[in-house]
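Engineer: Sequence and predicted structure, then a few things I'm wondering about:
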Amino acid sequence: MPSYTKSLVLCLLLFFFYGCNNKTLEVENQEPIKTKFVELKTKSFESENQYIVLALESENQKLYYDARNLYFKLFEKTDNYEYFIKYLAISTHIQDYKIVKDQALKYYIDNIKEEEIILRLYTFALFKLGNQKEALISGQKLANLFKNDVNYELLGTIYLQQKDYLKAYELFEKSFALNKSVNTFFNLTNIQYFNLSQKTEAINKIEQYIKENGHDFNLSIQLLTFYEKEQQTQKIVPFLKEMYFEYKENEEVEMFGKTKLLLIKYIAKDNVGQAIEFLEQNQDEDEILLNLYKITNQPQKAYDLLGKLYASSYNFDYLGQQAIIEFEMAEDKRKVLNGVIAKFEKVTENIDNHIYENYLAYILIDFNINLQKGVILVKKALQEEPTNIAYLDTLAWGEYKLKNCKEAYKQMKKVVDEIGLDDDEIKLHWEKIKECKK
């Protein structure tokens, strides 16, 4: 089953679980909805309230089999079909479609208030069980008796499964005329694009809908997918910018974040500089811009942005990154040692991060500032990554400076055996430690 067909089924299933009352918009020439039903007599049951509490608590605890059995017992004792509906809905939820089919058929009564939901759950169960012919007959009966959007979509999904795409499209059109739902519209245009080969029409329809109703995220992503499939790539960045500014203005934080990622990805694919310029112009200073500065080797801009990000969030990871950049950028590293060490100490006092622990350890050792503290820090880092070559090198260098030559040699040999002596600093450490061991 295509992925979008699965989404149709999921939408229908969610409807069954979270509400059985259909709310449709009034439209011209809409068929009248059934309002007169056969009234069924119910029986009194002394323990009804206790059973209800137990059933609800079982549902709350996700003990669905227990809850289902309790609701069926309530139905048997009272003849109240509201309990039967709960029994069928839970059975649908746990995907016991055979029970739904058999029990719905057994207790089905024409023209009662619960007839629609029983018939709908029965139809859905037939569909899931693969009884396509019976599902179609039941779905047609359902849609004829109860003319609303949900029933049209269920029948449309059955036709879709049977590859009768025109009938499926007609039914989703009927549903959309009633509910004006963007989800229904999404499914409608999917059928049009994928199954009816009306690709241009589907694209035009979505563009017009978005123009009139704004950028629903899922629908917008579908349109972007169609643009890519039809090689209309020139439309993608302008469209994403429309989404970006709409979500930003409306303060739709989640959709704005997702859209920004997509937009920058598309811009940067052709020109990273333009992506940076766009974010800078819109004062959009976050980790996306930070990563672009790193990719394009702009350490000063990255450093400045990290300062802003740390000041606004007190995220110590930003301070740690800033310390690394400050140290790496400095031509005379001794001039920045105090500031860099102060930053690293603040970071390592507040968060456990083996990268910053090792970095501070190496500085303390290499510049003979505090050898003992450096060794303690790198050993802590090695607890997280015991085979990390850089950390083993730091430890070996610290042990060497503490005159623990045997231990230094042991640790440094692991490094050399692993990566050789191509690196100048590794080679220097190895030669010094070998001399020390002698």
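Structural biologist: That came through fine. Numbering: from 1, shown residues only.

Engineer: quick one: the helices in the stretch 201-350 of the chain?
Structural biologist: Remark: helices assigned in the stretch 201-350 of the chain by DSSP state H, counting those that start in this stretch are 217-229, 236-249, 253-270, 272-281, 287-295, 299-313, 316-329, 333-350.

Engineer: Quick one: closest of these to residue 161.
Structural biologist: For the helices of the stretch 201-350 of the chain, the distance to residue 161 is smallest for helix 217-229, at 20.7 Å, taking Cβ to Cβ. Heads up, the C-betas are built off the backbone N, CA and C, glycines and all.

Engineer: Format the CA atom coordinates belonging to that closest one as CSV.
Structural biologist: Taking Å, rounded to 0.1, in the frame of the first residue of the first chain, the C-alpha atoms of helix 217-229 are listed here in CSV:
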residue,chain,number,x,y,z
PHE,A,217,3.3,22.6,6.6
ASN,A,218,2.4,19.1,5.4
LEU,A,219,0.7,20.4,2.3
SER,A,220,3.6,22.7,1.5
ILE,A,221,6.1,19.9,1.8
GLN,A,222,3.9,17.9,-0.6
LEU,A,223,4.0,20.7,-3.1
LEU,A,224,7.8,21.0,-2.7
THR,A,225,8.0,17.2,-3.4
PHE,A,226,5.9,17.7,-6.6
TYR,A,227,8.2,20.6,-7.7
GLU,A,228,11.2,18.3,-7.3
LYS,A,229,9.6,15.5,-9.2
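
Engineer: buried ones in it?
Structural biologist: By neighbour count on 16 or more other Cβ atoms under 10 Å, the buried set for helix 217-229 is 217, 219-224, 226-227.

Engineer: which parts of stretch 173-192 are buried?
Structural biologist: For stretch 173-192, using 16+ other Cβ under 10 Å, the buried residues are 173-179, 181-192.

Engineer: Stretch 264-284 too?
Structural biologist: By neighbour count on 16+ other Cβ under 10 Å, the buried set for stretch 264-284 is 264, 266-268, 275-276, 278-279.

Engineer: go on, stretch 103-110?
Structural biologist: Across stretch 103-110, burial judged by 16+ other Cβ under 10 Å covers 103-104.

Engineer: now that stretch: mean pLDDT?
Structural biologist: Confidence for stretch 103-110, expressed as mean pLDDT, is 97.

Engineer: Contacts only, for residue 321.
Structural biologist: Residues near residue 321 by Cβ atoms under 8 Å, 6 or more residues apart in numbering: 302, 306.

Engineer: ok, back up a step: please list the members of the buried residues of stretch 173-192 that lie in helices.
Structural biologist: Taking DSSP state H, the ones among the buried residues of stretch 173-192 that sit in helices are 173-179, 182-190.

Engineer: Looking at the residues you listed, point me to the pair that's furthest apart.
Structural biologist: 178 and 190 (18.7 Å).

Engineer: now the buried residues of helix 217-229 as CSV including pLDDT and distance to residue 318?
Structural biologist: Shown next, in CSV, are those (pLDDT from 0 to 100; distance: Cβ to Cβ, whole Å):
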residue, pLDDT, distance to residue 318
217, 98, 29
219, 98, 36
220, 98, 32
221, 98, 31
222, 98, 36
223, 98, 36
224, 98, 32
226, 98, 39
227, 98, 37
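
Engineer: Would you format those residues as a markdown table with distance to residue 432 included?
Structural biologist: Shown next, in a markdown table, are those (distance: Cβ to Cβ, whole Å):
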| residue | distance to residue 432 |
| --- | --- |
| 217 | 59 |
| 219 | 65 |
| 220 | 61 |
| 221 | 58 |
| 222 | 63 |
| 223 | 63 |
| 224 | 58 |
| 226 | 64 |
| 227 | 61 |
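
Engineer: Among these, which one sits closest to residue 145?
Structural biologist: For those, the nearest to residue 145 is residue 219 (31.4 Å; Cβ to Cβ).

Engineer: Any regions of the stretch 51-200 of the chain where pLDDT drops low?
Structural biologist: Judged by pLDDT under 70, the stretch 51-200 of the chain has no weakly predicted residues.

Engineer: Can you show me the strands along it?
Structural biologist: For the stretch 51-200 of the chain, no strands are identified by DSSP state E, counting those that start in this stretch.

Engineer: where along it do the helices fall?
Structural biologist: Under DSSP H, counting those that start in this stretch, the stretch 51-200 of the chain gives helices at 64-78, 81-93, 97-107, 115-129, 132-145, 149-161, 165-179, 182-190, 199-213.
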